[in-house]
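Peer 1: Okay, structure incoming, though there's no sequence with it:
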């Protein structure tokens, strides 16, 4: 039975570093949203039809194999809560894992815009995400999406059985991860490091 933890929130809120902390504490495997984006960009170009299709196939197959082989997984995601298809996608992931006896945990991060703009330009973020190295474009994209979409759920809105909201403006990734583990009562897997973070 595989569990899935989705770490969700707007661009540059800190999803990746929180997910990495959870990975190391729980010994879960990790797929950040940019794993599929960067690979598909490299092969098919930025935001082309082939890139978008391959990006979808990459993620779909990863989730399928995690369920098939009982691999606990963490996934980072930016959700436009005002777009019904986005929520349907998340609910389909919940069903995919819970239907086989696993659990689905939804961690929603939020931070003020000033903090996100500062985090958007950190060297580590640009090192891990090639598409963010164009800081001018990345900043403009962040601001555009913030204005165009609702990137956090509404006050009091609970969308999943296990839905935890955390304002991580003033929290370290490890502090957030500890809150998640405590809130959901999660236990670490017994795995060797190469089984869940080989080469990273």
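Peer 2: Done, it's in. The shown structure was predicted, so the numbers you read here are calculated from the model rather than taken from an experiment.
Peer 1: how about the strands in this structure?
Peer 2: Ranges of strands in the chain, per DSSP state E, are 4-8, 29-31, 73-77, 104-110, 163-167.
Peer 1: Paired strands for the fourth one, with orientation please.
Peer 2: Just to be clear, that refers to strand 104-110. With DSSP bridges as the test, strand 104-110 is paired with strand 4-8 (parallel), strand 163-167 (parallel).
Peer 1: Just say which of the strands of the chain is most tucked in.
Peer 2: strand 4-8 (a mean of 26; mean count of other Cβ atoms under 10 Å). All C-beta atoms are positioned from the backbone trio N, CA, C, and that covers glycine.
Peer 1: most centrally placed residue in the chain?
Peer 2: Among the residues of the chain, the one closest to the centroid is residue 76, at 0.6 Å (Cα atoms, centre = their mean).
Peer 1: That one contacts residue 14, correct?
Peer 2: No. Residue 76 is beyond contact range of residue 14, at 9.8 Å (criterion: Cβ atoms under 8 Å).
Peer 1: Same list (the strands paired with strand 104-110) but as a markdown table, adding distance to residue 109 and mean pLDDT.
Peer 2: Listed next are the strands paired with strand 104-110 as a markdown table, based on distance: least, Cβ to Cβ, whole Å; pLDDT from 0 to 100:
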| stretch | distance to residue 109 | mean pLDDT |
| --- | --- | --- |
| strand 4-8 | 7 | 98 |
| strand 163-167 | 6 | 98 |
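Peer 1: For residue 125, find the nearest of these.
Peer 2: Residue 125 lies closest to strand 4-8 among the strands paired with strand 104-110, at 14.8 Å (Cβ to Cβ).
Peer 1: Run the chain-centre distance for the closest one.
Peer 2: Relative to its parent chain, strand 4-8 has a centroid offset of 6 Å by Cα atoms, centre = their mean, to the nearest Å.
Peer 1: Not counting its own residues, what contacts that strand?
Peer 2: 15, 18-19, 22, 28, 63, 66, 72-79, 90, 93-94, 96-97, 102-109, 180 (Cβ atoms under 8 Å, 6 or more residues apart in numbering).
Peer 1: got the contact list for the nearest residue in space to residue 104 that is not next to it in sequence?
Peer 2: Spatial nearest neighbour of residue 104, excluding adjacent residues (Cβ to Cβ, 6 or more residues apart in numbering): residue 94 at 4.1 Å. Residue 94 sits next to 4, 104, 106, 160 when contact means Cβ under 8 Å, 6+ apart.
Peer 1: What is the nearest of these to residue 194?
Peer 2: Of all those, residue 4 has the smallest distance to residue 194: 21.7 Å, by Cβ to Cβ.
Peer 1: need the contact list for the nearest residue in space to the closest one that is not next to it in sequence.
Peer 2: Spatially, and ignoring its direct neighbours in sequence, residue 4 is nearest to residue 97 (4.5 Å; Cβ to Cβ, 6+ apart). Listed by Cβ under 8 Å, 6+ apart, the contact set of residue 97 reads 2-4, 63, 66-67, 103-104.
Peer 1: ok, so what distance separates residue 97 from residue 183?
Peer 2: 18 Å (Cβ to Cβ, to the nearest Å).
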